[in-house]
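# next comes the sequence, and after it the predicted model I'd like to discuss.
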Amino acid sequence: GKPAENRSAYCEFEYFFREDVATALNVSTSRVLVLLVKAASRDHSLVYFRLLPPATANETSTHFLIANLHEQATRPDSPLYHGNVTVRADSAWGVSGFGKKARETAPYLPYDVTSTSLCHA
């Protein structure tokens, strides 16, 4: 959906975050699932999100998207830093979990996680 005037600041941030990541990775926003946004300090937030698997065989694999996102996070001139809210992303945080085992064999996140967002796309 489009940003709405009656949308909360949190939902507005989530909307633009999903748009920014999807645009940087050239995928649909439906593949970007925000799980949680939490304050890390007075002017920093941590965004926990998932890149969902492709719905069809011709969509880009999640593994490739994560590698692409990791690579973009290291380059300030990448599309990731051209977004509305990701323009302020901090490359020092990187992409958590990058390079670890696939979820289905990893003990740290063995089950599906449902978003805690109250915002509707």
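Everything's here; your move.

# the biggest helix by length in the chain - contacts with which helices or strands?
Taking DSSP state H as the criterion, the chain has its longest helix at helix 9-25. Based on contacts counted as 3 or more C-beta pairs under 8 Å, 6 or more residues apart in numbering; DSSP states H and E, the elements that helix 9-25 packs against are strand 32-41, strand 44-51, helix 62-73. Using the backbone N, CA and C atoms, a C-beta is placed for each residue, glycine as well.

# closest one to residue 90 among the ones you listed?
Among the helices and strands packed on helix 9-25, the nearest to residue 90 by C-beta to C-beta is strand 44-51 (7.2 Å).

# which positions in the longest helix of the chain come out as buried?
For helix 9-25, the neighbour count (16 or more other C-beta atoms under 10 Å) marks 11-25 as buried.

# put the alpha carbons of that helix into CSV.
Extracted C-alpha coordinates of helix 9-25, given in CSV (Å, rounded to 0.1, in the frame of the first residue of the first chain):
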residue,chain,number,x,y,z
ALA,A,9,5.0,7.1,12.6
TYR,A,10,6.0,3.5,13.3
CYS,A,11,3.9,2.2,10.4
GLU,A,12,5.2,4.9,8.1
PHE,A,13,8.8,3.9,9.0
GLU,A,14,8.0,0.2,8.4
TYR,A,15,6.3,1.0,5.0
PHE,A,16,9.4,2.9,3.8
PHE,A,17,11.8,0.3,5.2
ARG,A,18,10.1,-2.4,3.3
GLU,A,19,10.0,-0.3,0.1
ASP,A,20,13.6,0.6,0.5
VAL,A,21,14.8,-3.0,0.9
ALA,A,22,12.6,-4.3,-1.8
THR,A,23,13.7,-1.6,-4.2
ALA,A,24,17.4,-2.2,-3.4
LEU,A,25,17.0,-5.9,-4.0
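
# what residues does it touch?
If you take C-beta atoms under 8 Å, 6 or more residues apart in numbering as the criterion, helix 9-25 is touched by 1, 3, 7, 28-29, 31-32, 34, 37, 45, 47, 49, 51, 60, 65, 68-69, 72, 78-80, 82-87, 117-119, 121.
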